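K.L.:
all I have is the shape, not the residue letters:
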């Protein structure tokens, strides 16, 4: 594993947490913490990134708020950002795509940088060698209906293929609701059906653009789907690891 | 899902976190948060238990400290307990068996109750209908060498079967080190070999008594091993859920 990583982790004995504003949903927040550990180049505990996961499922539903005028989640999200700041977070990750409809507010409220999950997915596509082409999107009705992915991916030169409203409701949201309801086994079939339809319509890759969807489509089954996937949990974890790497290199260039 | 659960979670809008002192190791800490969510009776995000996971992998190695005079992990553990208390934890879970060699100190230092992972495993054996008999133990050299499980399980009337020193080093620690080093696939074979040897020596059930071991032995493969297992991550998560249930019922009996 790269020597910068040890130096970084070992040299920072306080206030260098990766803050994770989770709970949206709680299984996805915890899965992000697991993938962060699993994707970090480490051979013993002490080489991992210190993380603080605020897995608070009481944050009101983001989609309901944006689409149907439900309770505003922003006050609860703001409390979470402040709590992570107060605890010494030096970077914040929010493993919920729909929550990024509030990205500007989160970034402005936070003392430290907040990673952007959609940018992390765009970087992950490039990391996989998919630098152009048609990207099939999966996500919540709010994420897709309000163009969260479309804006960013089109800026990067991709064309987006969006499921129909009915497909979003039955296949994407069907799978997402099953994960949120702890029916993970039932969540695979609708997600796989949506991926297949996007593939048939010419997608070169599909974005699992809701953090429940990577739980619906287990890593072991992905190759069998016949199309590259980008997983918004893994993409965000890789962005966090890359940020720690960059910071460490900067610290070496300018010793404290 | 039980109505008490909704009332409990919805009625407590602040300071009712389950504090999780994790990072020992980080994959196990995050896995505990995932299993807590997966085992909770919930159908939407807002019905889950609010959790705060301090996944700080910089806590010095517990086994090395106890067996070879390595750096004392207690100051780092104490900082973690205090941070969780300050954040409003009303119950603390520590998903690391070896850390329970410091249980009395943790319980004394904390403002709120600290669950005991070994007691949670004993409860899980009873929940599975295993109320007596011979229990095969797996865990770190420190956990097994210092009798952490033996004391509690013998108090509950079980007989313990402990692997030999060589088996602990090659099979238990071999599997644990593989998980901590992110080599999860390589961790299965030594764990399965140890389970088989304990079964051959007459064990009625085997305790996965280190929180890395449930990651080594995936749920999907457990039935094929031919012996009941108790998983210290799941046992601790179930104990936390039961505590929230009990507290809720008490709240109903004595309204605030």
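P.N.:
Happy to help now that I have it. Remember, it's a predicted structure, so these values are computed and weren't measured experimentally.

K.L.:
ok, residue A:245 to chain B distance?
P.N.:
For residue A:245, the distance to chain B equals 16 Å [C-beta to the nearest C-beta, to the nearest Å]. Heads up, the C-betas are built off the backbone N, CA and C, glycines and all.

K.L.:
helix, strand or coil for that residue?
P.N.:
Classification of residue A:245 using DSSP: H, G, I helix; E, B strand; the rest coil returns helix.

K.L.:
and the helices in chain A?
P.N.:
For chain A, helices defined by DSSP state H occupy the ranges A:3-11, A:26-39, A:62-68, A:74-86, A:103-109, A:117-127, A:141-145, A:148-155, A:165-167, A:173-180, A:184-200, A:213-216, A:219-222, A:232-253.

K.L.:
next, format those as a markdown table and append mean neighbour count and mean pLDDT.
P.N.:
Output for those, formatted as a markdown table (neighbours: other C-beta atoms under 10 Å in any protein chain shown; pLDDT from 0 to 100):
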| stretch | mean neighbour count | mean pLDDT |
| --- | --- | --- |
| helix A:3-11 | 16 | 45 |
| helix A:26-39 | 26 | 96 |
| helix A:62-68 | 18 | 93 |
| helix A:74-86 | 18 | 96 |
| helix A:103-109 | 14 | 98 |
| helix A:117-127 | 21 | 98 |
| helix A:141-145 | 22 | 96 |
| helix A:148-155 | 17 | 97 |
| helix A:165-167 | 13 | 98 |
| helix A:173-180 | 23 | 95 |
| helix A:184-200 | 18 | 97 |
| helix A:213-216 | 27 | 97 |
| helix A:219-222 | 12 | 94 |
| helix A:232-253 | 19 | 81 |
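
K.L.:
quick one, which of those gets closest to residue B:25.
P.N.:
Of all the helices of chain A, the one in closest proximity to residue B:25, counting by C-beta to C-beta, is helix A:26-39 (7.6 Å).

K.L.:
same for that closest one, what does it pack against?
P.N.:
Where contact means 3 or more C-beta pairs under 8 Å, 6 or more residues apart in numbering or on different chains; DSSP states H and E, helix A:26-39 is packed against strand A:17-22, strand A:51-55, helix A:173-180, helix A:213-216, helix A:232-253, helix B:26-39, strand B:51-55.

K.L.:
among these, which is nearest residue B:232?
P.N.:
Per C-beta to C-beta, nearest to residue B:232 of the helices and strands packed on helix A:26-39: helix B:26-39, 9.2 Å.

K.L.:
the closest one relative to helix A:173-180, how many degrees between them?
P.N.:
110 degrees (axes from the mean of the first three to the mean of the last three C-alpha atoms, to 10 degrees).

K.L.:
next, the angle helix A:184-200 makes with helix B:26-39.
P.N.:
100 degrees.

K.L.:
quick one, what contacts residue A:91?
P.N.:
Applying C-beta atoms under 8 Å, 6 or more residues apart in numbering or on different chains, one finds that residue A:91 lies in contact with A:18, A:19, A:112, A:113, A:114, A:115, A:240, A:243, A:244.

K.L.:
hmm, 6 Å instead?
P.N.:
Residues counted as contacts of residue A:91 (C-beta atoms under 6 Å, 6 or more residues apart in numbering or on different chains) are A:18, A:112, A:113, A:243.

K.L.:
the stretch 101-250 of chain A against chain B: which residues are in contact?
P.N.:
Residues of the stretch 101-250 of chain A lying near chain B by C-beta under 6 Å from any C-beta of the partner chain: A:180, A:181, A:182.

K.L.:
state the number of residues packed around the second one.
P.N.:
Other residues lying near residue A:181 total 17 when counted by other C-beta atoms under 10 Å in any protein chain shown.

K.L.:
and the gap between it and residue A:217?
P.N.:
17 Å (C-beta to C-beta, to the nearest Å).

K.L.:
cool, residue A:170 as well?
P.N.:
Residue A:170 sits 17 Å away from residue A:217, going by C-beta to C-beta.
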